[in-house]
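Undergrad: Need a 3D model of the sequence below.
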Amino acid sequence: MNIDRVVVAFAGCVVLASVGLAHYVDPRWLWVTVFVGANLLQSAFSGFCPLALILKRLGLAPGTAFR
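TA: Numbers count the residues shown, from 1 in each chain. Down below sits the predicted model:
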């Protein structure tokens with residue numbers, strides 16, 4: 001798995017978890033979904049993703065989206 005796939009999979013897991021928590025625990029968990037969505041949007045334009053930097057330091061193979 002390369003960095004791009006891990007970033008997308010992680011974002012999807014966080015979004016699903018926050019929606020579940022918002023439904024069963026407290027609606028304020030949707031702010032996590034907003035944060036993830038905003039981060040994905042800014043990374044699409046800037047190419048900067050904090051998780052991608054961490055994964056690169058851990059030695060995962062780079063993809064084409066995050067350098």
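Undergrad: now residue 10: how far from residue 20?
TA: Distance of residue 10 to residue 20, given as Cβ to Cβ, to the nearest Å: 16 Å. Every residue, glycine included, has its C-beta placed from N, CA and C.
Undergrad: go on, residue 3?
TA: Residue 3 is 26 Å from residue 20, where distance means Cβ to Cβ.
Undergrad: Of these two, which one has the most company?
TA: A count of neighbours by other Cβ atoms under 10 Å puts residue 3 above the other of residue 3 and residue 20, at 23 against 11.
Undergrad: for that one, what are its contacts?
TA: Listed by Cβ atoms under 8 Å, 6 or more residues apart in numbering, the contact set of residue 3 reads 52, 55, 56, 60, 61, 62, 63, 65, 66.
Undergrad: Now with 10 Å, please.
TA: 49, 51-56, 58, 60-67 (Cβ atoms under 10 Å, 6 or more residues apart in numbering).
Undergrad: and if you look at residue 17?
TA: Residue 17 sits next to 29, 32, 33 when contact means Cβ under 10 Å, 6+ apart.
Undergrad: out of those, who's nearest residue 15?
TA: Residue 15 lies nearest to residue 33 out of the contacts of residue 17, by Cβ to Cβ, at 5.3 Å.
Undergrad: what sits against that closest one?
TA: By Cβ under 10 Å, 6+ apart, the neighbours of residue 33 are 11, 14, 15, 16, 17, 18, 19, 21, 22.
Undergrad: ok, how many other residues are close to the closest residue in space to residue 1 that isn't next to it in sequence?
TA: Leaving aside its chain neighbours, residue 1 sits nearest to residue 60 (7.2 Å; criterion: Cβ to Cβ, 6 or more residues apart in numbering). Other residues lying near residue 60 total 17 when counted by other Cβ under 10 Å.
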